[in-house]
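1. Only the shape, not the letters, is given here:
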């Protein structure tokens, strides 16, 4: 009995508490997806899951390598953004919600230095050109981790803090096809 009790106690010490783990439906998985949305989905599949997008448009960011791409946004779904090719395949998924984070605990609201401490030096840093009037952020940059298929958009708040305001995923090794750097 004593051996069983000791084994149970040791097992309890080795398993991290559930409260510190990100639930699967809120997990940002580099190169794969965000929660239940994956890069394998089409725009039609995302619309079936989330309803009609609240807004859409052409990709006009300064650093885009695919000006023919479009974006769609579901504001009522934690500001989920999908960047899609003309064939409706999803290239990028992005979320702007503090509810979603990577397995390393990195999500919106995290300082840039903490992102770089967790993930190291990015493959590239680009100007993301998100207008402050749209986002409430200024001096926005995108930290791109190409081999992981992960990026973070970081900007300065009105209070002067430099924080992550969105997290995105894309297929690993395709960053140069998506962004100029």
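-> That came in fine, so what should we check first? Small disclaimer: the values here were computed from a predicted structure and weren't measured.

2. does residue 57 sit in a helix, a strand or a coil?
-> Three-state call for residue 57 (DSSP: H, G, I helix; E, B strand; the rest coil): strand.

3. Quickly list what it is bridged to.
-> residue 71 (DSSP bridges).

4. Any figure for the gap between it and residue 80?
-> 15 Å (CB to CB, to the nearest Å). (C-beta placed from N, C-alpha, C; glycine too.)

5. I'd say residue 157 and residue 164 touch.
-> No. With contact defined as CB atoms under 8 Å, residue 157 and residue 164 do not form a contacting pair (11.0 Å).

6. Look at those two and report which has more neighbours.
-> residue 164 (22 against 13; other CB atoms under 10 Å).

7. how about whatever helix or strand that one lives in: buried residues?
-> Here residue 164 sits within strand 162-170, counting by DSSP states H and E. For strand 162-170, a neighbour-count test (16 or more other CB atoms under 10 Å) marks 163, 164, 165, 166, 167, 168, 169, 170 as buried.

8. List just the nearest of these to residue 150.
-> Nearest to residue 150 out of the buried residues of strand 162-170 is residue 169 (CB to CB; 5.9 Å).
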